[in-house]
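sequence first, then the predicted structure:
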Amino acid sequence: MSDAAREIENLLYAYAERIDAGDLEGVAALFEHGSITSAPKAPVEKVARGRDAVLELYQGSTRLYEDGTPRTKHVTTNAIIEVENNDHASARSYYTVFQQLDDFPLQPIIAGRYQDSFHRMDGRWWFERRTMFVDLLGDLSRHLLFDLK
């Protein structure tokens, strides 16, 4: 795996790590020069561009608990990373989100796909665009602050 592909793979995992830690500021920082969007025809269509908009999106949608986390584990798999040139790349990956609370047994609550594009600025890779596709829905009532269905 090339150094660029490894750096991009680490961005995929940093997103999961930060959201599971309840570090919404850290999630938003990953998109300082990019955007997040829901897939076309998604039940809830959202587009957030830049750090502040992404932070607002996650603060308005992610339920955090007393420990400051959403009590989730975002598992990212099947990453296919294609480095197009020194400054642009794309990736496709799967995600599965698990959640557990005292009164909510450990279970998968959502699964889908990410389609990402990346660009490099000043020697560092950044998310350019993340499109989230929802393929499977479970009980999101303890994770989201709105109804996805």
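Arrived safely. As the structure is a prediction and not an experimental result, all values here were calculated from the model.

measure stretch 35-53 end to end?
Across stretch 35-53, the terminal residues are separated by 9 Å (C-alpha to C-alpha, to the nearest Å).

let me fix that: stretch 95-113
End to end - C-alpha to C-alpha - stretch 95-113 spans 6 Å.

in contact with V83, which residues?
V83 is in contact with 2, 4-5, 8, 89, counting by C-beta atoms under 8 Å, 6 or more residues apart in numbering. Just so you know, the C-beta spots here come from the backbone N, C-alpha and C atoms, and that holds for glycine as well.

from E9, how far off is it?
11 Å (C-beta to C-beta, to the nearest Å).

now swap in G123 and tell me
Relative to E9, G123 is positioned 17 Å away (C-beta to C-beta).

ok, and the closest non-adjacent residue to Y94?
In this structure, Y94 finds its nearest non-sequential neighbour in N78, 4.5 Å apart by C-beta to C-beta, 6 or more residues apart in numbering.

ok, back up a step: G123 and E9: which is more packed in?
For G123 versus E9, neighbours defined as other C-beta atoms under 10 Å are more numerous around E9 (17 against 6).

G22 contacts L64, correct?
Yes: contact criterion C-beta atoms under 8 Å: G22 and L64 qualify, at 5.2 Å.

circling back to that earlier point, the residue nearest to Y94 contacts T96, correct?
No: with contact defined as C-beta under 8 Å, N78 and T96 do not form a contacting pair (10.4 Å).

quick one: which of the two has more around it?
The neighbour comparison of N78 against T96 (other C-beta under 10 Å) goes to T96, with 17 against 9.

who's in contact with the more buried one?
By C-beta under 8 Å, 6+ apart, the residues touching T96 are 74-75, 77, 108, 110-111.

same thing but at 6 Å, please
75, 108, 111 (C-beta atoms under 6 Å, 6 or more residues apart in numbering).

so can I have a markdown table of those residues showing distance to H119, neighbour count and secondary structure?
Putting the contacts of T96 into a markdown table (distance: C-beta to C-beta, whole Å; neighbours: other C-beta atoms under 10 Å; DSSP: H, G, I helix; E, B strand; the rest coil) gives the following:
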| residue | distance to H119 | neighbour count | secondary structure |
| --- | --- | --- | --- |
| V75 | 26 | 14 | strand |
| P108 | 32 | 15 | strand |
| A111 | 28 | 17 | strand |
